[in-house]
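>>> Pasted the sequence and its predicted model underneath.
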Amino acid sequence: MQFKLKLIAAVAALGLMQGCSEDFLDRPPLDALTSGNFYKTDDEIMAGTAPLYNIVWFDFNDKANMSFQEARAGNLNSNDRTAYVKHAIPSTDVNTLLPGYKSFYKIIAQSNNAYKAIKEATGSTASAAVKGQGLGECRFMRATAYYYLVTNWGAVPIVYDNVAQINEPPTRNNIEDIWKLLIQDYRFAAANLPTTAVQGRLTKYSAEGMLARMYLMRAGLNQNGTRKQSDLDSAKYYAESVITKSGLTLAPTYAELFESANHNATKNNPESLFSLQWMPISNPWGINNSFQAYFAYDANITGTGDGWGAAQGVSADLVKYFTENPADSLRRKSIGMFDSDVYPNIRKANGGLKYTRPEQLSAIKKYIIGSPADNGGLGGFMSANINSYMLRLAEVYLIYADAVLGNSASTSDAKALEYFNAVRKRAGMPVKTSLTFEDIFKERRIETVFEGNSWNEIVRWYYFAPAKAVAYTAAQHKENYTMSYLTGSTNPKRYNVAYSASEFYPVTANTLYLPFPEAEIINAPSLKNEPVAFDFSKLKD
């Protein structure tokens, strides 16, 4: 509750607006808190960094996340995100592409500004520990924004000081340098964040978990079919540290991860390493989680006048996976609604929600939690009372297994199997006695689908095995379908699925990265230039 109140107060004080300036480098708001009048005490530092947990991420979460990450990765069937499903995104897209791109530089700008203000605060009485925590939060958030930029656009400009660089034309920097910077940022965060923190705040293990993810991904960059062993070793080291030292545990069931009672503004699931902390209110705008508004298939679910997701659904490719793997029913029911599924915690007053749309797509279930009445009176229009996972312990378990596998064709390493199978057992799936890359990749896809990292995983594969990554996307079914429950089938339930003519849209070298928004190119033609090496001597620390 303390973090929640500070977060709301800080957002109101900062006056952060969701619209960015037309300039590429976001200028600090005129009424922004600065080192001259704020960031001088422990409470002020914690209040000043609190908005980094939600409002700066709003434009990404609002529309871009599902387009950039899930539609492109073959997980989403969506009439209004067709261009992303087909890898045919126009640079003129001002509804999703432009605000999504700018959202990451908004995060970077506010992280840079807060970092500078904390370091330069005059007359500060803040403790060294809280200063370190605040600085660590800033560097962590900046790194995360660059992670999404480099996986979605490749070579992008590095902005490290918005004031100092305000008159410089933006210059794209090499992909390798962006990876170097964001790993440096996460390492700084790991060294400065506390081992425990107020619930919802980042810790040392949040940063170590991200380091495990980053090293595993970078291991394949420019490696021509193999992966760099030193990066694999680092991924294993950080994953093991999180697993054995953080004190976090896997939630007993998969379903409870996505119930608001277990993951909301005042309570974070013990599996969460990093989550966006949304408030169940929409004033000020931008601190609210609008996901349910767009993906709940019926307004009767939300009870707040939104619920516009009737034309959205789980992709044909995921439906094929779940119908061919009926044992994975525990995760399936929490990911997508199939005909005849019953959800007691949605529309409680009516005895629960029974999904009966036999001539429609499978609707999305993950993060769909129902009305305020279903959630203790909390929530409202476009303001569902649930946080968004950015990194969970289960993923770190799978990262460990992947890092151990490394460049081998398979592994039967005991620890790798222990962690991998822990995730499988919770899902009610049979354990494996040997693992391949494809085993781990598929498990990670299903475990974390719709959690904002799916496309990045395809880029990770593309880094070291582009032909295999392209073949994977080429085999993904993206056609429409309808389904109906086979009456009487139980344990597992069975379905009749009618697919339309098969549709495949493989990624290519030319579509791996999103186009730069046309509006940004007009404002900054230098974005069309070839990327250059970044001068790391410009960084003061």
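Yep, it's here. Numbers count the residues shown, from 1 in each chain.
>>> Make sure K228 is actually in contact with L216.
No. Here K228 lies out of contact with L216, judged by C-beta atoms under 8 Å, at a distance of 10.4 Å. Where you see a C-beta, it was placed from the backbone N, CA and C, and this is true even at glycine.
>>> Comparing those two, which residue is more hemmed in?
More crowded of K228 and L216, by other C-beta atoms under 10 Å: L216, with 24 against 18.
>>> Check what pLDDT the residue lying closest to D298 once chain neighbours are set aside gets.
Spatially, and ignoring its direct neighbours in sequence, D298 is nearest to G307 (5.4 Å; C-beta to C-beta, 6 or more residues apart in numbering). Looking at G307, its pLDDT stands at 97.
>>> Now G307: phi and psi?
When read as degrees, to the nearest 10, the backbone of G307 gives phi 100, psi 70.
>>> who touches it in this structure?
Shown in contact with G307 (C-beta atoms under 8 Å, 6 or more residues apart in numbering): Q292, A293, A296, Y297, D298, A299, N300, I301.
>>> On the three-state scheme, the last one is what?
Per DSSP: H, G, I helix; E, B strand; the rest coil, the local secondary structure of I301 is helix.
>>> Can you verify my assumption that it contacts Y343?
No. The criterion here is C-beta under 8 Å, and I301 misses it with Y343 at 9.3 Å.
>>> so what's in contact with these two at the same time?
Shared contacts of I301 and Y343, defined by C-beta under 8 Å, 6+ apart, comprise L353.
>>> confidence score at the residue nearest the centre of the chain?
Centroid-nearest residue in the chain: G452, 3.1 Å away (criterion: C-alpha atoms, centre = their mean). Here the pLDDT value assigned to G452 is 96.
>>> Now do it against S388, distance only.
Applying C-beta to C-beta, to the nearest Å, the value for G452 to S388 is 7 Å.
>>> Then T203?
From T203 to S388 the distance is 18 Å (C-beta to C-beta).
>>> And the next helix or strand past the helix or strand bottoming out on mean pLDDT in the chain?
Lowest by mean pLDDT, DSSP states H and E among the helices and strands of the chain is helix 2-14, with a mean of 50. Beyond helix 2-14 on the C-terminal side, the first helix or strand identified by DSSP states H and E is helix 42-49.
>>> Give the other helices and strands that that next one contacts.
Counting contacts by 3 or more C-beta pairs under 8 Å, 6 or more residues apart in numbering; DSSP states H and E, helix 42-49 is packed against helix 2-14, helix 97-120, helix 128-153.
>>> try 6 Å
Under the contact criterion of 3 or more C-beta pairs under 6 Å, 6 or more residues apart in numbering; DSSP states H and E, helix 42-49 touches helix 97-120, helix 128-153.
>>> and it, how far from the chain's centre?
25 Å (C-alpha atoms, centre = their mean, to the nearest Å).
>>> ok, and for that helix, which residues are buried?
D42, E44, I45, M46, A47, G48, T49 (16 or more other C-beta atoms under 10 Å).
>>> got the CA coordinates for it in PDB?
These are the backbone C-alpha positions of helix 42-49, laid out as PDB (Å, rounded to 0.1, in the frame of the first residue of the first chain):
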ATOM      1  CA  ASP A  42      15.000   8.700   1.000                       C
ATOM      2  CA  ASP A  43      11.200   9.300   0.500                       C
ATOM      3  CA  GLU A  44      11.700  11.800  -2.400                       C
ATOM      4  CA  ILE A  45      14.000   9.400  -4.200                       C
ATOM      5  CA  MET A  46      11.500   6.500  -3.900                       C
ATOM      6  CA  ALA A  47       8.700   8.800  -4.900                       C
ATOM      7  CA  GLY A  48      10.600  10.100  -7.900                       C
ATOM      8  CA  THR A  49      11.400   6.700  -9.300                       C
END
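>>> So what's the model's average confidence on it?
Averaged across helix 42-49, pLDDT comes to 95.
>>> And the contacts of the very next helix or strand once past it?
Later in the chain than helix 42-49, the nearest helix or strand by DSSP H and E is helix 58-59. Identification of contacts with helix 58-59 by C-beta atoms under 6 Å, 6 or more residues apart in numbering yields P99, S103, G286.
>>> Find the residue closest to the second one in space, skipping its chain neighbours.
Looking back up the chat, that one is S103. S103 sits nearest to D59 (C-beta to C-beta, 6+ apart), 3.6 Å away.
>>> Just give me the neighbour total for that neighbour.
D59: 24 neighbours (other C-beta under 10 Å).
>>> Distance of it relative to F68?
The gap separating D59 from F68 is 11 Å, by C-beta to C-beta.
>>> Return, as residue ranges, the portions of the stretch 1-150 of the chain with sub-threshold pLDDT.
Along the stretch 1-150 of the chain, segments meeting pLDDT under 70 span 1-36.
>>> Residue ranges of each domain in this structure, please.
When the chain is parsed with automatic domain parsing, its domains come out as 2-202+518-538, 291-385.
>>> want to try TSV for those, with distance to T249 as columns?
Shown next, in TSV, are the domains of the chain (distance: least, C-beta to C-beta, whole Å):
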stretch	distance to T249
domain 2-202+518-538	15
domain 291-385	18
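>>> for those domains, which one sits closest to A255?
Nearest of the domains of the chain to A255, taken as C-beta to C-beta: domain 291-385 at 4.7 Å.
>>> Any chance of CSV for the contacts of helix 58-59, columns distance to V163?
CSV is the format used below for these (distance: C-beta to C-beta, whole Å):
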residue, distance to V163
P99, 24
S103, 20
G286, 23
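>>> For those residues, pick the one with the most neighbours.
S103 leads the contacts of helix 58-59 on contacts (other C-beta under 10 Å) with 24 neighbours.
>>> Surely that residue touches N61?
No. Judged on C-beta atoms under 6 Å, S103 makes no contact with N61 at a distance of 8.7 Å.
>>> so what's the residue nearest to the centre of the chain up against?
By C-beta under 6 Å, 6+ apart, the contact set of G452 is N65, Q69.
>>> Check the gap between it and F60 for me.
Distance, G452 to F60, using C-beta to C-beta: 8 Å.
>>> Can you work out which residues contact both of those two?
Residues touching both G452 and F60 (C-beta under 6 Å, 6+ apart): there are none.
>>> still on that earlier bit, in TSV: the helices and strands packed on helix 42-49, plus distance to P280.
Below are those laid out as TSV (distance: least, C-beta to C-beta, whole Å):
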stretch	distance to P280
helix 97-120	22
helix 128-153	22
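>>> Tell me which of those helices lies nearest to K442.
Among the helices and strands packed on helix 42-49, if distance is taken as C-beta to C-beta, the winner is helix 128-153, at 19.5 Å.
>>> Run through the residues that contact I364.
F295.
>>> Just the strands from the chain, written as ranges.
For the chain, applying DSSP state E gives strands covering 76-78, 272-276, 312-314, 336-337, 342-343, 353-354, 363-364, 388-392, 481-485, 495-499.
>>> Out of those, the one nearest V423 is which?
Nearest to V423 among these is strand 388-392; the distance by C-beta to C-beta comes to 10.0 Å.
>>> How about R81: what's its closest non-neighbour residue?
The shortest distance from R81 to any non-neighbouring residue, by C-beta to C-beta, 6+ apart, is to A71 (4.4 Å).
>>> roughly how far apart are that neighbour and S315?
Taken as C-beta to C-beta, the span from A71 to S315 is 9 Å.
>>> do the same with G286
From G286 across to S315, the span is 29 Å (C-beta to C-beta).
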